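[1] Provide a 3D model corresponding to the input given below.
(one chain, ligands or ions: 1)
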Amino acid sequence: MSRLRWLTSGESHGPRLTALVEGIPAGLRLLPEDVNVDLARRQRGYGRGGRMKIETDCVSFVGGVRDGETLGSPLAMQIENRDYVSWTDRMAPEPLSERPERLVRPRPGHADLAGGLKYDRRDLRDVLERASARETAARTAVGAVCRRLLAEVGIDVFAHVVRIADVEVGALPESLSDLRVVTRASDLACGDPGAEARMREAIHRASHQGDTLGGVFEVVATGVMPGLGSHVQWDRKLDGRIAQAIMSIQAIKGVEIGLGFEAAKVSGSHVHDAIHYNAHAKRFTRPTNRAGGLEGGITNGEPLVVRGAMKPIATLRKALMSVHIDSKQPFEAAFERSDICAVAAASVVGEAMMAIVLADALLEKFGGDSVRELKCNVNCYMGRISGY
Ligand code: EPS
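    Sure, this is the predicted structure:
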């Protein structure tokens with residue numbers, strides 16, 4: 001089933017993050033810059049914390065790439081944690097000379113308490129370090145490789161922020177290509193400059209109040225051919241696979257495809273997209289795309305449109321009440337340096353997760369041990385469906 005296998009490893013303040021990817025065909029041109037642009041975009045965004053001033057995330061390929069091309073062998077990537085030099089006394093893998101101060105006041109909303117109970121850890125740092133959204137740098141690297149692969153067959157993935165707390169975008173550029181250009185230039189990945197200014201104000205206010213903000217991003221994939229995913233079995237449905245991938249991003253609490261929850265409020269004639277045929281282009285088209293490009297768990301040739309709702313970051317300067325795990329007495333939750341708002345960063349991770357799912361579905365449908373073979377298979381299929 002799954003043609004791509006990938007894993008990440010590494011703690012937020014450990015030596016480095018590592019990603020291992022198997023299944024990328026041979027012959028894909030791949031340079032560190034292809035990954036580093038996305039790593040840099042993930043670090044941006046008004047409302048990020050002090051850590052982003054310390055890190056300049058850069059990838060090293062340590063397996064699977066030679067002379068600027070993939071070999072078809074497992075791809076191994078590493079991203080250094082520059083901050084590790086300040087944490088060797090607490091995060092070194094070898095036994096520590098002195099017991100570091102334990103983290104004992106779990107933060108509501110973070111994995112601290114549930115993870116501590118589950119893994120029998122009495123220093124909640126043992127949980128926090130891996131639960132941290134720092135891990136998303138490694139996912140972004142995997143996504144950037146998949147993005148390179150998708151580009152070979154004309155698929156592009158971009159994301160934009162549509163809401164921060166109660167500030168929502170209004171009018172957006174009409175064409176998706178214009179929207180992409182505007183959002184790429186925006187510090188908050190927002191396509192509406194007026195809303196972006198209000199979002200910045202809201203983040204500024206939250207920062208002064210010792211609070212944090214969440215929001216919603218939308219991921220769009222263009223150039224996707226009909227026929228990725230399948231209706232025949234629950235775990236082959238592409239909408240389900242995308243939803244799981246987006247939901248797995250740290251702090252995401254909701255996922256919508258196309259109209260999403262709105263579709264439940266109105267009648268069918270206002271939900272489904274009429275089918276037209278463009279004889280010149282020899283393709284079926286839709287005047288609307290409320291389905292978000294997916295019907296029956298299969299792509300229908302329209303752009304994929306998926307939204308992720310992010311809760312506010314759980315680390316609060318104005319901490320909520322918690323309980324000391326030893327004494328069981330009430331205490332304010334621990335505070336660590338953190339972000340005020342990371343929705344723009346999460347939108348880049350959303351792109352990465354979408355790219356990974358699409359690359360997997362592409363390879364599942366078309367196979368190919370080399371990029372040349374993959375493209376040949378895609379062209380053959382596109383020829384067949386244009387004669388359908
Ligand atoms: C992050 C790195 C982390 C946090 C943030 C995301 O760095 P540090 O803990 O050193 O400040 O800024 O993690 C969280 C928001 C979280 O809840 O854990 C990153 O690289 O994106």
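[2] where's the residue of the chain positioned farthest from its centre, which helix or strand?
    What lies farthest from the middle of the chain is residue 327; by Cα atoms, centre = their mean that is 38.5 Å. Residue 327 is part of no helix or strand when elements are defined by DSSP states H and E.
[3] same check, this time on the one 4 residues further on
    Using DSSP H and E, the secondary-structure element containing residue 331 is strand 330-332.
[4] list the contacts for the residue in the stretch 101-250 of the chain that the ligand sits nearest to?
    With Cβ to the nearest ligand atom as the measure, residue 132 is the residue of the stretch 101-250 of the chain nearest to the ligand, at 3.4 Å. For glycine as for every other residue, the C-beta is placed from the backbone atoms N, C-alpha and C. If you count contacts by Cβ atoms under 8 Å, 6 or more residues apart in numbering, residue 132 has them with 11-12, 250.
[5] and the ligand, which of these contact it?
    By Cβ under 6 Å from any ligand atom, the members of those lying near the ligand are residue 12.
[6] now, which of the contacts of residue 132 lie within strands?
    Of the contacts of residue 132, none are assigned to strands by DSSP state E.
[7] close to the ligand: what parts of the stretch 201-350 of the chain are there?
    Near the ligand, when you scan the stretch 201-350 of the chain using Cβ under 6 Å from any ligand atom, you find 313-315, 336-339, 342, 345.
[8] now the residues you listed in JSON lines, with pLDDT?
    Converted to JSON lines, those look like this (pLDDT from 0 to 100):
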{"residue": "313", "pLDDT": "95"}
{"residue": "314", "pLDDT": "94"}
{"residue": "315", "pLDDT": "92"}
{"residue": "336", "pLDDT": "82"}
{"residue": "337", "pLDDT": "85"}
{"residue": "338", "pLDDT": "87"}
{"residue": "339", "pLDDT": "93"}
{"residue": "342", "pLDDT": "97"}
{"residue": "345", "pLDDT": "98"}
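[9] quick check: the farthest pair among the residues you listed?
    Greatest spacing in these, by Cβ to Cβ: 336 and 345 (17.1 Å).
[10] neighbour count: the two, which is higher?
    Taking neighbours as other Cβ atoms under 10 Å, residue 336 and residue 345 compare with residue 345 leading, 25 against 15.
[11] just the buried ones out of the residues of the stretch 201-350 of the chain next to the ligand, please.
    With burial judged by 16 or more other Cβ atoms under 10 Å, the buried subset of these is 313-315, 338-339, 342, 345.
[12] residue 240 against residue 234, yeah?
    Yes: between residue 240 and residue 234 a contact is recorded at 6.8 Å, counting by Cβ atoms under 8 Å.
[13] so for the two, which sits in the more crowded spot?
    Set residue 240 next to residue 234 and count neighbours by other Cβ under 10 Å: residue 240 wins out with 15 against 8.
[14] just the pLDDT for the more buried one.
    Per-residue pLDDT puts residue 240 at 98.
[15] got it, and residue 335?
    88.
[16] sec struct for residue 322, please.
    The three-state label given to residue 322 by DSSP: H, G, I helix; E, B strand; the rest coil is strand.
[17] tell me how many other residues crowd it.
    Using other Cβ under 10 Å: residue 322 sits among 18 other residues.
[18] repeat for residue 205
    Residue 205: 13 neighbours (other Cβ under 10 Å).
[19] check contacts around residue 215.
    With Cβ under 8 Å, 6+ apart, residue 215 has these contacts: 161-165, 199, 309-310, 341, 343.
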